[in-house]
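Q: Requesting a structural model of the entry that follows:
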Amino acid sequence: MIIGADDYLRGVTLESFSTDDTVFVTQFEQRIKDTISTFGILDGKENIVVAASGGKDSTVVMYILKNLGYHIRALTVDTHIGCYTEQNLKNVIKFCESINVPLVAKDFNTEFGYGVCYLRDTLAEKGLNVKSCTVCGVPRRYLINKYTREMGADVVITGHNLDDECQAILMNYFRNTLQLSARLGPVPGVIRDPRFIPRAKPLYFLSNTEIERYSKLKGFQVAYGHCPCSTDAYRRHIKDWLHAMSLKHPRFKHRIITHFLANLPALRHKYRSDASPGECLSCGEPTSAELCKTCSIMQLASSPTQTI
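A: Model (predicted):
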């Protein structure tokens with residue numbers, strides 16, 4: 001599947017979509033169908049759970065999968081970032097009810113006893129410079145894997161799009177963490193273990209701009225702004241740079257993806273591991289260390305010391 005990425009991407013630019021809204025909607029939905037088919041993401045027999053945040057990306061992918069006839073459920077995780085996630089939670093509950101998709105809701109306060117803002121500030125007071133996106137993203141992925149596994153999911157659908165993937169590719173390159181890039185792709189992951197629920201990204205070849213246009217045409221009630229905690233995030237700086245480059249070079253992001261997919265098989269071969277991960281000594285979830293990253297963060301937050 002990955003070998004044919006060059007052919008699949010040929011001619012795909014932001015301008016390739018029609019300026020006519022009706023035609024655009026058809027083209028947009030067809031690209032998702034093509035992505036699902038080309039990369040073997042779904043065959044219709046899976047137990048599918050969508051990781052729903054209440055934002056435009058997960059709302060769009062949930063809506064289209066439902067319209068395509070897939071039987072889906074949704075899982076949302078409230079990270080408690082003030083009014084921002086409070087409104088997102090209201091939006092996702094209302095949307096799931098409107099399209100008759102069962103929703104399971106979890107939240108940081110119940111699971112960990114802290115919200116993202118408290119965790120970030122507590123760690124900062126201890127002299128630990130842990131970014132908001134780490135404090136949010138690591139435990140959120142932990143909960144998504146844990147509860148989709150309990151829900152019996154065969155695959156977790158996420159709303160990651162073209163921009164998200166380009167940002168991750170560049171971040172890993174600049175940080176010299178190419179082993180993390182081996183986990184990317186339309187169907188990410190390098191470890192196959194029953195404790196890790198496979199994930200997939202049907203929006204992989206659609207940009208933020210295209211998804212926002214589709215979402216607004218459909219009248220979805222979602223937030224389109226940035227997360228208020230992302231202002232100091234490394235990803236945010238990469239995102240702004242990518243946007244500026246794309247204004248001058250419209251095919252810039254697609255070239256990044258084309259090059260990346262051509263090299264992904266080699267990356268996965270290089271960083272492949274047949275070793276099964278162990279279990280976290282604290283929570284029992286799979287990890288390669290004594291403590292999983294989530295439990296490490298929570299332990300640091302509750303510890304009276306400043307020692308990592």
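Q: From here on, just use CA atoms for contacts and neighbour counts.
A: Will do.
Q: Point out where the stretch 1-150 of the chain drops to low pLDDT.
A: 1-15 (pLDDT under 70).
Q: Recalculate using a threshold of 90.
A: Within the stretch 1-150 of the chain, the stretches falling below the threshold (pLDDT under 90) are 1-17, 38-39, 43-45, 79-86, 114-135.
Q: Show me where it has its helices.
A: 5-9, 21-38, 56-67, 82-98, 108-112, 116-125, 132-150 (DSSP state H, counting those that start in this stretch).
Q: and these, which is most packed in?
A: helix 56-67 (a mean of 21; mean count of other C-alpha atoms under 10 Å).
Q: Just give me the residue closest to the centre of this structure.
A: residue 160 (4.4 Å; C-alpha atoms, centre = their mean).
Q: list the contacts for it?
A: By C-alpha atoms under 8 Å, 6 or more residues apart in numbering, the contact set of residue 160 is 57, 201, 203, 204.
Q: again, only using 6 Å
A: For residue 160, the contact set (C-alpha atoms under 6 Å, 6 or more residues apart in numbering) comprises residue 201.
Q: now swap in residue 159 and tell me
A: Going by C-alpha under 6 Å, 6+ apart, the list of residues near residue 159 reads 57, 58.
Q: Return the angle between stretch directions for the lengthiest strand in the chain and helix 116-125.
A: Identified as the longest strand of the chain according to DSSP state E is strand 72-78. Interaxial angle of strand 72-78 relative to helix 116-125 (axes from the mean of the first three to the mean of the last three C-alpha atoms, to 10 degrees): 40 degrees.
Q: From the contact counts, what lies against strand 72-78?
A: strand 48-51, strand 103-107 (3 or more C-alpha pairs under 6 Å, 6 or more residues apart in numbering; DSSP states H and E).
Q: Relative to residue 292, how far out is residue 188?
A: With distances taken as C-alpha to C-alpha, to the nearest Å, residue 188 is found 20 Å from residue 292.
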